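Engineer: Here is a sequence together with a model predicted from it:
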Amino acid sequence: MAGGAALLLLLLLLLPLAAAEPPFAEDDGGSEAAEEPRGGRPLPGLNALESMELEFGVCTVTCGIGIREVLLTNGCPGSETKCIVGVEECHGPVDCGLGRPISENSASVVMTCIYIPPENRFKYVWKILTPNQPAHILPNDSAVMEVRRDTHPITYQCETQGNDSVIASVKYTVNATTELQTNQSKRIDTGQSRKKRADAILVFCLVTGIIFTVGVIFAIIFIILHWAIFKTVLGSKNGQDGEEEKLTNKSSQGSM
């Protein structure tokens, strides 16, 4: 009797479990999975059931590493034909040529490598370039480096590396203090010579304009003062022309 009661109690406990929901179907990685765009990175906020048509914007740089927009051209909210769904890295030619220091003075120069945030994603290799000699690698491995001017010009190069490959390179020429002063003196002399040349041209134009204006004024005054003479001369000339015309007409009539 006790055994039957225990069996009945066990059946009552198992009935709610049997009436529970069936187990979930095995996920086959189909429509429930987030669809990924080109590049292998999922874009948040996209409906996986819609066909994704992506378009890529212009890279923010012409060399080295930059970013560009990823645009969705189908399935944008509202009436928008295109909407930004994310950004991604983009790469241009590795060699960026000669760069400009971020700050410099008569004693030191501050230079920077090419990178995009976060800075610690990349590896930086600073080198000193010497003609016809192997490059000398410096111990500095940061994105920004400050150097003091030497007695002769030195060319520095920074290589930005990612995934064990160089993705950007930039060079800096650090002039010596004497050369910096010489270049500054040359720029000052050039600026002064250009200013003197411009001043001379301006003075010439001003003097020419004054002379022309004074000449015109004198001519007008002379005509006003001698207007009676001019009028008499013009009248006599017109009379002579009339008499000549009359004589010509008479001679022509006599010949007829």
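Structural biologist: Arrived safely.
Engineer: Only C-alpha atoms from now on, for both contacts and neighbour counts.
Structural biologist: Fine.
Engineer: by contact count, what packs against the one helix or strand residue 170 maps to?
Structural biologist: Secondary structure assigned from DSSP states H and E places residue 170 in strand 165-174. Using 3 or more C-alpha pairs under 8 Å, 6 or more residues apart in numbering; DSSP states H and E as the contact criterion, the neighbours of strand 165-174 among helices and strands are strand 95-98, strand 154-162.
Engineer: Please identify the most buried of these.
Structural biologist: Using mean count of other C-alpha atoms under 10 Å, the stretch among the helices and strands packed on strand 165-174 with the greatest mean number of neighbours is strand 154-162 (a mean of 20).
Engineer: Stretch 99-117: end-to-end distance?
Structural biologist: 19 Å (C-alpha to C-alpha, to the nearest Å).
Engineer: For that stretch, give the mean pLDDT please.
Structural biologist: Along stretch 99-117, the predicted local confidence has a mean pLDDT of 91.
Engineer: Can you give me the buried ones in that stretch?
Structural biologist: When neighbours are counted by 16 or more other C-alpha atoms under 10 Å, the buried residues of stretch 99-117 are found to be 99, 101, 104, 108, 109, 110, 111, 112, 113, 114, 115.
Engineer: just checking, residue 87 touches residue 68?
Structural biologist: Yes - in terms of C-alpha atoms under 8 Å, residue 87 counts as a neighbour of residue 68; the distance is 5.6 Å.
Engineer: the helices in the stretch 1-150 of the chain, which residues?
Structural biologist: Remark: helices of the stretch 1-150 of the chain, listed N- to C-terminal, are 2-18; assignment by DSSP state H, counting those that start in this stretch.
Engineer: The stretch 51-200 of the chain: strands as residue ranges?
Structural biologist: Defined through DSSP state E, counting those that start in this stretch, the strands belonging to the stretch 51-200 of the chain, from first to last, are 54-56, 65-72, 83-91, 95-98, 103-104, 108-112, 123-129, 136-137, 144-148, 154-162, 165-174.
Engineer: As CSV, those strands with distance to residue 199 would be great.
Structural biologist: Rendered in CSV, the data for the strands of the stretch 51-200 of the chain read as follows (distance: least, C-alpha to C-alpha, whole Å):
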stretch, distance to residue 199
strand 54-56, 53
strand 65-72, 46
strand 83-91, 49
strand 95-98, 36
strand 103-104, 33
strand 108-112, 36
strand 123-129, 45
strand 136-137, 50
strand 144-148, 40
strand 154-162, 39
strand 165-174, 35
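Engineer: closest one to residue 214 among those strands?
Structural biologist: For residue 214, the closest of the strands of the stretch 51-200 of the chain is strand 103-104, at 54.6 Å, according to C-alpha to C-alpha.
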